[in-house]
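>>> below are the sequence and a predicted model for it; my questions follow.
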Amino acid sequence: MSRHNKSKRRRRSKSTAPQVPPRPPRHIDDRPERPNAPWHPVPLVELSVLVGIVCIAFGLFRRDDTGGRVLLALGVSLGALGGLDTSLREHFAGYRSHGLVLAAFPAVATAAVLGFAKVPLYVVVPVMLGVFLAALVALRRVYESKTGVPA
């Protein structure tokens, strides 16, 4: 007789442990609505990211000359601007905390300015970390004041 005979299977014994009640369904409607941009019907952020992607693609083909490097820098800047805009609106509306992403922006900007000013690297790194931490603390306080929930 085959051991795969379905009619001869043994039934499992029922457990004596109490059954765990099912979790209530998670409703997406529980979260507040994502804040709209001031230019709401126009998809400006999406267009910015799209133009950024196109600039990056053309810049990669011409990366050996100055124009290609400018296109690459412009594309990365436009893409970052689109993400930064969404992060700013969501953070300051209390929709979602983006403190780390937003704190990195002034830190990187400070490092870039100090780098262009030819400040030594051993000075740039601590200043950048200080700006990052100060911005992070300030952004967390803003989010906590908007929502009443610790970030």
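That came in fine, so what should we check first? Numbering: from 1, shown residues only.

>>> after the helix or strand of the chain with the lowest mean pLDDT comes which helix or strand?
For the chain, the helix or strand with the lowest mean confidence is helix 66-92, at a mean of 90 (criterion: mean pLDDT, DSSP states H and E). Later in the chain than helix 66-92, the nearest helix or strand by DSSP states H and E is helix 99-116.

>>> check the offset of the least confident helix or strand of the chain from the chain's centre.
Its chain's C-alpha centre and that of helix 66-92 lie 13 Å apart, by C-alpha atoms, centre = their mean, to the nearest Å.

>>> output the contacting helices and strands for that helix.
helix 44-61, helix 99-116, helix 121-147 (3 or more C-beta pairs under 8 Å, 6 or more residues apart in numbering; DSSP states H and E). Bear in mind the C-beta positions are built from the backbone N, C-alpha and C, glycine included.

>>> which one of the ones you listed lies closest to Pro35?
helix 121-147 (11.0 Å; C-beta to C-beta).

>>> for that closest one, buried residues please.
Val124, Met128, Val131, Phe132, Ala135, Leu136, Leu139, Arg140, Val142, Tyr143 (16 or more other C-beta atoms under 10 Å).

>>> tell me which other helices or strands it touches.
helix 66-92, helix 99-116.

>>> mind redoing it with 6 Å?
helix 99-116 (3 or more C-beta pairs under 6 Å, 6 or more residues apart in numbering; DSSP states H and E).

>>> pull the distance from the helix it packs on to the chain's centre.
16 Å.

>>> which residues make contact with that helix from outside it?
Ser87, His91, Val124, Met128, Val131, Phe132, Ala135, Leu136, Leu139, Arg140, Ala151 (C-beta atoms under 6 Å, 6 or more residues apart in numbering).

>>> now do the third one, the pLDDT please.
Here the pLDDT value assigned to Val124 is 93.

>>> got it, and the last one?
Per-residue pLDDT puts Ala151 at 62.

>>> pLDDT score for Arg26?
With respect to pLDDT, Arg26 has a value of 62.

>>> ditto for Arg140
92.

>>> same deal with Ala107?
95.

>>> now swap in Arg10 and tell me
Listed pLDDT for Arg10 reads 67.
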